[in-house]
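**Q** need coordinates for the below:
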Amino acid sequence: MLIPGNSGTESVLRLAVFRVLAVLVLPVLLLRVRRLVLVAMASLGLLRLLPALLQRPGHQPAAGP
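**A** Here you go, the predicted model:
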């Protein structure tokens, strides 16, 4: 996106700023995404374990034939 009358240095500076921002921001985003994935996996695991935990104390489901 070159605006007429601009020198090429402004676009080069803009690219450099975007590169620096990407290098600084991407690791933080990746860490947050990894944390979200871990939390989601943990909650899914808990949801899978809940029926077993609820049935455990004294109550056993009726055994089939």
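**Q** quick one: the helices in the protein, in order.
**A** Ranges of helices in the chain, per DSSP state H, are 8-55.
**Q** in it, where is pLDDT below threshold?
**A** Scanning the chain with the threshold set as pLDDT under 70 gives 1-7, 56-65.
**Q** if I look at Met41, how far off is Arg34?
**A** 11 Å (CB to CB, to the nearest Å). C-beta here means a position set from N, CA and C on the backbone, and glycine is covered the same way.
**Q** again, but for Val25
**A** 15 Å.
**Q** got it, and Val23?
**A** 18 Å.
**Q** again, but for Ala42
**A** Look at Ala42 and Arg34: by CB to CB, they are 13 Å apart.
**Q** try Leu21
**A** 20 Å.
**Q** Ser11 - how many residues pack around it?
**A** Burial of Ser11 is recorded as 13 neighbouring residues (other CB atoms under 10 Å).
**Q** what do you get for Arg34?
**A** 10.
**Q** so what's it up against?
**A** Listed by CB atoms under 8 Å, 6 or more residues apart in numbering, the contact set of Arg34 is empty.
**Q** distance from the chain centre to stretch 39-50, please.
**A** Its chain's C-alpha centre and that of stretch 39-50 lie 16 Å apart, by CA atoms, centre = their mean, to the nearest Å.
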